[in-house]
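Chemist: Next input, structure requested:
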Amino acid sequence: MQISGPSAFLAFLAACSISSSDAFTPSALRPSSHGIASISSSPKHIRQRGGQFDSSTSLCGSASDELFVRKPRPPYIPGQIPDPDYVRIFDTTLRDGEQSPGATLTSQEKLEIARMLAKLGVDIIEAGFPIASPDDFAAVKQIADIVGNEVFDDGYVPVICGLSRANPKDIERAWDAVKGAKFPRVHTFIATSPIHMETKLNKTPDEVVEIAVNAVKFAKSLGCNDIEFSPEDAGRSEPEFLYRILSAVIEAGATTLNIPDTTGWNMPWEFGNLIKSLRENVKGADKVVFSTHCQNDLGLATANSLAGALNGARQLECTINGIGERAGNASLEEVVMSLALKGNDMFKGGPGTGKLYTAINPVHITPTSKMVSEYTGMVCQPHKAIVGANAFQHESGIHQDGMIKNKSTYEIMTPESIGLMRGDAQSGAGIVLGKHSGRNAVGTRLRELGYDLDIDKLNAVFERFKQVAEKRKGGLEDEDLEALVIDQAGMSNMLWKLTGLQVSTGMSGIPTATVKMMGPDMVERYVATTGTGPVDAVYKAIDSIMGVAVELESYQLSAVNEGIEAMAVTRVSISPKEGGPNDTPSIHSQSGQFKNRKFSGSGSDTDIMTSSARAYVSALNKLLSWNARRAEQAAAEALEENSHSNINSESVLAQQMEVTEVSP
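Modeler: Numbering: from 1, shown residues only. Predicted structure coming up:
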């Protein structure tokens, strides 16, 4: 039977969802089914966690909401998984992913991403590195207190994890941040490779083992019963030393052993053998869950993670879009879809039957990917697997011919299975979005594109839509709408707003910019400056008004489509000047050094100068908001310390008075 059209496909996919592999097989490769007619095409209003899943979040109006029912998973127990075929997905987008240069996120952005990760169904969310700064602590605590207690109707709630180095101060800070969650976890680590121990730590192997054991014991003494331990740079560590230190931390109380290929050094067969040897030689290995954390320096992070799963690892650490330090991490969407498509028959040899599966709901992959891309400013390369712009595009004539005849000739999965509604042009109903379009039409198309915006964000995007549509003939394309969403993503912490801009430039004149801005005090200010070019002049004027001193790390300008009226998208990355008024030092989780954060911003408009200015203001607002929150947190901590000090002083005074009264 031939299945065509997104609605028919989604209904059929729901009927076949009992098989993890069949659920992602293109329709032409699946057997005929008579169950389609019995599946209602109207939304069932599946309600989960305060109504987040309802008809408004449907992929398309006539699609069955059966797709949004997450798969059953074994009950969460620290240190063990009742079903040996189940693979836990540990997402570290908010920790390792945020360590990418320019990817600094605000607390609100982190909370929204965490909620999206919960909707996606990840088992563990590593929410951050609490000791890094007061803002990082507050963000992790907020996620633990909110997302870590939002239980879905099926009983699922994500584990919330905080990272710490192997010292009491870090561990206590991490525990204080996550202990409010229903399932809190502390993740502590110390380097174990010879080069790290000798040159970075200046510690002997005996000292490293002692530090690791004491760290786990201290975490346990605080009341934490879910402790993850990582031997940093395990991929270059001596196996015998790993056997020793891992056996010791298991005895001390560790429940998950994460094996990081920190530098992306290992080959898949090499890393797989490492996992196998650890499971065979570490004392107490049957009492813990083995995990992988693979960096992508050689482009092998996903392959190494899957090799770990083949050899018994039952937790895989990854990030959305594969973002992270240097070349990034294993990509969640690649790992998850590989297991969905091949987990049924390609992982035999480890524990269990070898039919591996996760409880990830892949229809939320695309919107989660877009959210992370927008908030971090880190755009996926077009040929990125699963979520890249070209992942389901076909330009070759031979490919196009094959797709017309049978989509499975060149697609091993459907875009609909990851939440990307290919549909028909113009929303499948001949709708052209122009200056006369209403909020409902814009909101409907955005939902079809994977953007489930709340009312405030939709209103903000719609306002910008109207401004741009007034200048455009022929309406806005999907790419234009997405550019507007990206533009508004950086405006959630808007202290300063661009209200006017005029630029004069040319071959014979000096580039001059007049900028008008509205500040937090609602007073409008304007400045005129000159520069080496029009963008330089605009940015100098903005610096002068906002009172900042920053370095422009990167500047990218691109058109989202073709033509003279194309929408321009600008992305910038900034960092504060050291010693300047906006210095933002924070502790790096691996090096332990203080370094200034980088902040990214994006903006869009049909005018490239306006687009450039909006992107720069977005990045500066992030910087100022981050500094403001850090100052508030520091003031609160100082106030708390003073109150404790006053209480102690009063106690000492009272004791002195008692002594005076009873003295002869």
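Chemist: distance of the most centrally placed residue in the chain from N321?
Modeler: Residue closest to the mean C-alpha point of the chain, counted by C-alpha atoms, centre = their mean, is T93 at 3.6 Å. Separation of T93 from N321 (C-beta to C-beta, to the nearest Å) stands at 8 Å. Any C-beta I mention is one placed from the backbone N, CA and C, and that applies to glycine too.
Chemist: can you map out the strands along the stretch 101-250 of the chain?
Modeler: 124-128, 159-165, 184-191, 227-232 (DSSP state E, counting those that start in this stretch).
Chemist: looking at the ones you listed, which is closest to V569?
Modeler: strand 124-128 (28.4 Å; C-beta to C-beta).
Chemist: OK, contacts around N596?
Modeler: S575, P576, E578, D583, T584, P585 (C-beta atoms under 8 Å, 6 or more residues apart in numbering).
Chemist: Can I get the buried ones among the residues you listed as something I can paste into ChimeraX?
Modeler: Restricted to buried positions by 16 or more other C-beta atoms under 10 Å, the ChimeraX selection for the contacts of N596 reads:
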select :575,576,584
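Chemist: Switch the contacts of N596 over to a markdown table; also include pLDDT and distance to K119.
Modeler: Converted to a markdown table, the contacts of N596 look like this (pLDDT from 0 to 100; distance: C-beta to C-beta, whole Å):
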| residue | pLDDT | distance to K119 |
| --- | --- | --- |
| S575 | 88 | 33 |
| P576 | 89 | 34 |
| E578 | 82 | 40 |
| D583 | 74 | 37 |
| T584 | 70 | 31 |
| P585 | 71 | 34 |
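Chemist: Just give me the closest of the contacts of N596 to I131.
Modeler: P585 (13.2 Å).
Chemist: what sits opposite the closest one in the beta ladder?
Modeler: Beta-bridge pairing of P585 under DSSP bridges involves N596.
Chemist: Quick check: it vs Y451, distance?
Modeler: Taking C-beta to C-beta, one finds P585 at 35 Å from Y451.
Chemist: One more: T255?
Modeler: From T255 to Y451 the distance is 38 Å (C-beta to C-beta).
Chemist: just K384 next, same as before
Modeler: K384 is 19 Å from Y451, by C-beta to C-beta.
Chemist: and if you look at P205?
Modeler: Distance from P205 to Y451, by C-beta to C-beta: 51 Å.
Chemist: Give the residue spans of the stretch 201-350 of the chain that score low on pLDDT.
Modeler: Nowhere does the stretch 201-350 of the chain drop to pLDDT under 70.
Chemist: And the helices in it?
Modeler: Residue ranges of the helices in the stretch 201-350 of the chain, as given by DSSP state H, counting those that start in this stretch, are 205-221, 239-252, 268-281, 301-310, 332-342.
Chemist: Export the fourth one to CSV, keeping only CA atoms.
Modeler: Yep, that's helix 301-310 we're talking about. Extracted in CSV, the C-alpha atoms of helix 301-310 (Å, rounded to 0.1, in the frame of the first residue of the first chain):
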residue,chain,number,x,y,z
ALA,A,301,31.9,11.1,18.7
THR,A,302,28.7,9.4,17.6
ALA,A,303,30.5,6.3,16.3
ASN,A,304,32.5,6.0,19.6
SER,A,305,29.3,6.4,21.7
LEU,A,306,27.6,3.7,19.7
ALA,A,307,30.6,1.4,20.1
GLY,A,308,30.3,2.0,23.8
ALA,A,309,26.7,0.9,23.7
LEU,A,310,27.6,-2.2,21.7
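Chemist: what about P205 and Y451, which has more around it?
Modeler: Ranked by neighbour count (other C-beta atoms under 10 Å), P205 and Y451 place Y451 first, with 20 against 15.
Chemist: I figured the more buried one was touching S373, is that so?
Modeler: No: the criterion here is C-beta atoms under 8 Å, and Y451 misses it with S373 at 11.8 Å.
Chemist: Roughly how far does N582 sit from K405?
Modeler: From N582 to K405 the distance is 58 Å (C-beta to C-beta).
Chemist: More neighbours: these two, which one.
Modeler: N582 (20 against 10).
Chemist: For the closest residue to that one other than its chain neighbours, list the residues it contacts.
Modeler: Spatial nearest neighbour of N582, excluding adjacent residues (C-beta to C-beta, 6 or more residues apart in numbering): P576 at 4.2 Å. Contact analysis of P576 by C-beta under 8 Å, 6+ apart lists V548, A549, V550, E551, N582, D583, T584, N596, R597, L623.
Chemist: 10 Å instead, please
Modeler: Contacts for P576 (C-beta atoms under 10 Å, 6 or more residues apart in numbering) come out as 548-551, 582-585, 596-599, 623, 626-627.
Chemist: Inside strands: which ones of those?
Modeler: V550, E551, P585, N596, F599 (DSSP state E).
Chemist: What about the nearest residue to the first one once chain neighbours are set aside, how many residues nearby?
Modeler: So the one you mean is V550. In space, and not counting its chain neighbours, V550 is closest to I574: 4.5 Å by C-beta to C-beta, 6+ apart. Applying other C-beta under 10 Å, we find 26 residues neighbouring I574.
Chemist: ok, what's across the strand from I574?
Modeler: Under the criterion used (DSSP bridges), I574 bridges to L552, F599.
Chemist: so it sits right up against K598, yeah?
Modeler: Yes: contact status for I574 versus K598: in contact at 6.8 Å, counting by C-beta atoms under 10 Å.
Chemist: what is in contact with these two at once?
Modeler: G102, V550, E551, E553, S554, A619, K622, L623.
Chemist: Turn these into CSV, columns for distance to M522 and neighbour count.
Modeler: As requested, the shared contacts of I574 and K598 are exported to CSV (distance: C-beta to C-beta, whole Å; neighbours: other C-beta atoms under 10 Å):
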residue, distance to M522, neighbour count
G102, 30, 20
V550, 24, 23
E551, 30, 13
E553, 31, 15
S554, 32, 13
A619, 22, 27
K622, 21, 27
L623, 21, 25
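Chemist: TSV for those residues, including pLDDT and distance to C161?
Modeler: Shown next, in TSV, are the shared contacts of I574 and K598 (pLDDT from 0 to 100; distance: C-beta to C-beta, whole Å):
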residue	pLDDT	distance to C161
G102	73	24
V550	92	32
E551	91	33
E553	91	30
S554	91	31
A619	90	29
K622	85	25
L623	87	27
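Chemist: Quote the end-to-end distance of stretch 371-391.
Modeler: 18 Å (C-alpha to C-alpha, to the nearest Å).
Chemist: Torsion angles phi and psi at G601?
Modeler: G601 adopts backbone torsions of phi -150, psi 150, taken as degrees, to the nearest 10.
Chemist: and stretch 364-373, how far out from the chain's middle?
Modeler: Its chain's C-alpha centre and that of stretch 364-373 lie 9 Å apart, by C-alpha atoms, centre = their mean, to the nearest Å.
Chemist: ok, and for that stretch, which residues are buried?
Modeler: Buried, per 16+ other C-beta under 10 Å, within stretch 364-373: H364, I365, T366, P367, T368, S369, K370, M371, V372, S373.
Chemist: pLDDT below threshold where in this protein?
Modeler: 1-69, 395, 422-432, 473-474, 488-493, 561-563, 588, 590-591, 644-664.
Chemist: wait, what's in contact with H196?
Modeler: I190, K203, V208, P231, E232, D233, R236, S237, T262, T263, Q590.
Chemist: can you tell me how far it sits from E482?
Modeler: In terms of C-beta to C-beta, H196 sits 42 Å off from E482.
Chemist: before we move on, what about K598?
Modeler: Applying C-beta to C-beta to K598 and E482 gives a distance of 24 Å.
Chemist: what about K516, neighbour count?
Modeler: So K516, with other C-beta under 10 Å, has 17 neighbours.
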